[in-house]
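> my questions are about this predicted structure, shown below with the sequence.
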Amino acid sequence: MRVADLAIHNFRGVSEGYLRFSKHVVLVGSNNTGKTTVIEALTLILGRDRLIRDLTEHDFFGSDPLPDDRIKLIATITGFEGNDPNQHSEWFRDGRAVPKWLDEATGKIHPLPTETAKQLCCQIAVQAYFDRLSLTVEVVRYFHDHDGAVDPFDEDSPVAVPHRLIQHFGFFLVRASRTWDRVLSWGSELFRRTLHAAAAQPAGAIIAQRDQLRSPETAIEDDRHIAPLVNSVNDEVARCIAGSPKLRLRVTSTDSRSVLDAVAAHYAVPNGPSVPAARQGNGLISLQGLFLLLELGRLRAKGGEGFTMALEEPELHLPPATQQQIVLRVQALSSQTFVTTHSPTIAAMADPTSVLLLRNTGGILTAKPFLEKNLDGQAANWRRKFYQHNRTEVINALMHSFVLVPEGRSDHLLLQTLLKPLMLRQGWAGEHAHSFGLEVGLVPTEDAKVVETWTDLQRVHPCVCCLVDGDGEGFRYSAELAQAGARPGSIIRWSDGQMLEDVLSWIFSADPAAIAVVTRDTPTLADADVPMVVAHAKTKKCDLVLYESIADAIVSNEACRGRASDLFKGMALACADLESARFSRAENIWVFQP
Amino acid sequence: MTVTVFSGGAGSGKTYQLMQKLAEVIAETPLEIGSKVLALTFMHGARRRLDDRLARVPGIERHYECATLDSFAARLVRRWQSLATQEHYGEPRESEYEETCRVAAALLNHRHVVLWVKASYPILIIDEAQDLSANRLDVVRHLASELTTLIAADEFQCLDGDLRPNPAWGWLQTQEDHVKLERTMRTNVDSLLNAAAALRSGLDLPIGPRFSVRATANAALASTFLSNQIAWKVREKSLAVISPVVKAFAEETVMTSATKATKQGNGPYRVDWEQAEEKVVEALLARIVAPAVATPAEALEAVRATGNQGLYDEFANWVDRLIRTKRDVAISREMLSGAVKQICASRVRFQRSSDFGYKAMSVHRAKNREFDHVVVLWPAATPGDSEQKRRLLYNAVTRAKVECLVLVQAKKHLDVPPFKQ
């Protein structure tokens, strides 16, 4: 079984949202778009009670719910083998769900199967309201029959989803804030469930430990320091109560329950005593915790039960190589997975049609797959390079608030090379290149496919801008972009007749002496002046060594560095459609002002 | 997938046979975990009685659900609303019972909807099937196509003139497994058996030692007969005063017996009317005085003033939920009466009316029940054609196990049906 789609209403930062899911979903989006909201919504719908956190007013969109405001979440569950409701009467019968039929191409749900709607499904909903008298949030989970108005807190009493089915579905969640050191103990439900599923309760060992604790070789009360005290207490008591029992001091209450409670995971260290888990680095513990979870998944799969895994930020505590390994293992063992991540590496290794880019515009949450369908042999060369070879970089750029499409590879490389040392060198005030680095993601445009790249990316990202030269080509791109529907103000252009390299002249003109760093590093440019270096750079596109030395020259000179910062700050503002000293708007296009 | 029918006159043990057969069916194929027997009836009273009978069926162990057919249909329509909408079956309100049953029948025309019911309820029980309207019959027929269905019916006990010819009876007669029960088990009193047989066949009504008919021109006279009957015959046994029309004659007779003793010193005897649910609610609503649009406090005060603590408690719950879940709560007269009706309906669902002691009721309410003694009050204004009158009297007389006395207001009626051929 798997979740085919999810509708969110009035939950946390999402006033309305609708997402469709494939088998192994990777949720990507800038901060606060709602990745965690999606996971928490799934948890409310499918999680066992222990997994569900208490809701508060803040879980309602706008944080100030009135009595008739409702959180409403609806998920469609599909993947019932054979697609015959009679074979799944646990789920489909009077008193349980009403069968419905999902059209996988459109996502539409039909009350009867049709030519295209062949997937048997049911819908589970959760509604919640804030009770202003008791100051608590009341939640109900029920089978969602139809899209008509249903208020489960009013007269209508919808059919509750029985515990057994929730358990059968098997939704497991590893939150971003994890406390793995408690996972490997009997205090952890996960641990107990895994033991139960594996029938691996170490009863013999526990009873042996208990017996040892009951009659220890060296009893505490026999220690020569405490023994006199214990004996005198015993004597005093014996005087008052005839035949009174003797005092004994034992570790734990010496029943198996307290032995289980007292067990703490340790890690063996060579040539020394073992170290308790709480003192270990997070990496190892989280790995063991995860593998325990996977073991449970394996056991559930073997027993024909579902195992759906939601994993928030697998990049936490784990080295990159392990991250990938873990995600692949989780996917292999689960009926369905939901992974949220800030790591382009993780997003890039997933099937690009399963990577969902979340977008939240004023509370409206939408999600688009990174690619609608996988690239086939017919795909253009630039597309393959852009989406396959440079996928990590592209996904990284898409995780920013704004995406900037430069004219070509060399612009991308030069801007990136300039930005990196600037961000390292800048102080806390005055210099603003960092806002560009944090808010704007640069994509490595292939083959000068500015218009095509823009067209592709604006499908998945709300704010895609283009950066073009001040030449004939640049004007042509601008015209084509406008025609393709580019928002006014989303195009940035260098001054007439100029390209990015010409902007270097403007930066160096703050202090032409700064160019010395470049001429010293590059033998062919000995004694060259700024115009000569710029001309050289125009012929040496994508020369990383040259670009690095130019960047070095700029950051080591205060005046030049100031100008470069100013430039990036201006570009960041222009992306946000705001005026600055460096860019002013002329006919819907932000044009650089030296 | 099989239909078994039991038919026969009043007291011929149809319900008993139904339960016997059910026990057999369950013994043969035990109910799976989670599945139950579905028993559908018409009124809540009948539902409760059937509920009690089902509880005693061996092997069933609470794996049954007893519901009114209308509430079952309403649930089906509510849950399958999206199918009903797509197929344009209509969207009746829950109070439109006949319409709701029509839509439910249309939904059950889809085999997978029937299978959906069957997965929870493999066995269906219908008592008093002669009362099925065409739409309700469709619901049952569709269910019967997949569910093991056990039905009891007696065409002659149908009191609804609109159901003649009786649609259910037509269908039931085509069923192969149709058991006709000839012997009356309820009573072995010959005169009562003879009276019942005569009414069914439309013959002259024979009088006998434990079945008598008296002309009583007014309520005072009728009440004397009633009180004497109680004093001399009924005593500690159960009695039902049954009348086809609960108006002046019947009401005054019962009231007089309750207030005055007879010349012989019998009585007074208090006999309470079992009122129709709607009447109880109407009377209750008439006592609630609230502004056209009331604040929650005003509405609560108005209901509290009725002095009905049970109603007040549940009404307070309703208001409380309203305040918590709605903005700017104002309670209109319509909302208020809706809530009171709802509360009364759900209380009726759980109340048990016993068949012990002395009670007065309409023929309709008496259906499907039995009492030691029956006194029938037959007002001059009893409506219906000869056939209808025979059926009304039959339904009243056959409630008696020991003795029945019929008090007829209009003497001349003794010469026409149902008393004479």
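Happy to help now that I have it. Computed from a predicted model, the values in this text were never measured in an experiment. Numbers count the residues shown, from 1 in each chain, chains lettered A, B, ... in the order given.

> how many other residues sit next to B:Ile343?
Number of residues near B:Ile343 (other C-beta atoms under 10 Å in any protein chain shown) recorded here: 22. (C-beta placed from N, C-alpha, C; glycine too.)

> what residue ranges in chain B score low on pLDDT?
B:1, B:349-355 (pLDDT under 70).

> run a quick neighbour tally on B:Ala10.
Counted with other C-beta under 10 Å, B:Ala10 comes out at 23.

> do you know how far it is from chain A?
33 Å (C-beta to the nearest C-beta, to the nearest Å).

> can you confirm that residue is in a strand?
No. Per DSSP: H, G, I helix; E, B strand; the rest coil, B:Ala10 lies outside any strand segment and is coil.

> ok now do it, which residues does it touch?
By C-beta atoms under 8 Å, 6 or more residues apart in numbering or on different chains, the contact set of B:Ala10 is B:Asp154, B:Gln157, B:Thr184, B:Arg186, B:Ala196, B:Tyr394, B:Asn395, B:Thr398, B:Arg399.

> which residue sits closest to the closest residue to chain A within the stretch 151-300 of chain B in space, ignoring its chain neighbours?
In the stretch 151-300 of chain B, the residue that lies nearest chain A is B:Pro296 (12.1 Å; C-beta to the nearest C-beta). Nearest residue to B:Pro296, sequence neighbours excluded (C-beta to C-beta, 6 or more residues apart in numbering or on different chains): B:Val319, at 4.9 Å.

> out of the contacts of B:Ala10, which are buried?
B:Asp154, B:Gln157, B:Thr184, B:Arg186, B:Ala196, B:Tyr394, B:Asn395, B:Thr398, B:Arg399 (16 or more other C-beta atoms under 10 Å in any protein chain shown).

> so who does the residue of chain B found nearest chain A touch?
Nearest residue of chain B to chain A, counting by C-beta to the nearest C-beta: B:Ala119, 3.3 Å away. Going by C-beta under 8 Å, 6+ apart, B:Ala119 touches A:Asn86, A:Ser89, A:Phe92, A:Arg93, A:Asp94, B:Ser35.

> repeat that for B:Trp80.
Counted by C-beta under 8 Å, 6+ apart, B:Trp80 has contacts A:Val98, A:Pro111, A:Asp145, B:Leu107, B:Val113.

> can you list the residues of chain A near chain B?
A:66-68, A:85-86, A:89-90, A:92-96, A:98-100, A:110-112, A:129, A:131-134, A:145-148, A:151, A:153-156, A:159 (C-beta under 8 Å from any C-beta of the partner chain).

> buried subset of these?
Buried, going by 16+ other C-beta under 10 Å: A:67, A:85, A:89, A:92-96, A:98-100, A:110-111, A:129, A:131, A:145-146, A:153, A:159, out of the residues of chain A next to chain B.

> any idea how many residues pack against residue 114?
Going with chain A. For A:Thr114, using other C-beta under 10 Å, the count is 11.

> look at chain B instead
With other C-beta under 10 Å as criterion, B:Val114 counts 18.

> again, but for A:Asp49
A count of nearby residues for A:Asp49, using other C-beta under 10 Å, gives 8.
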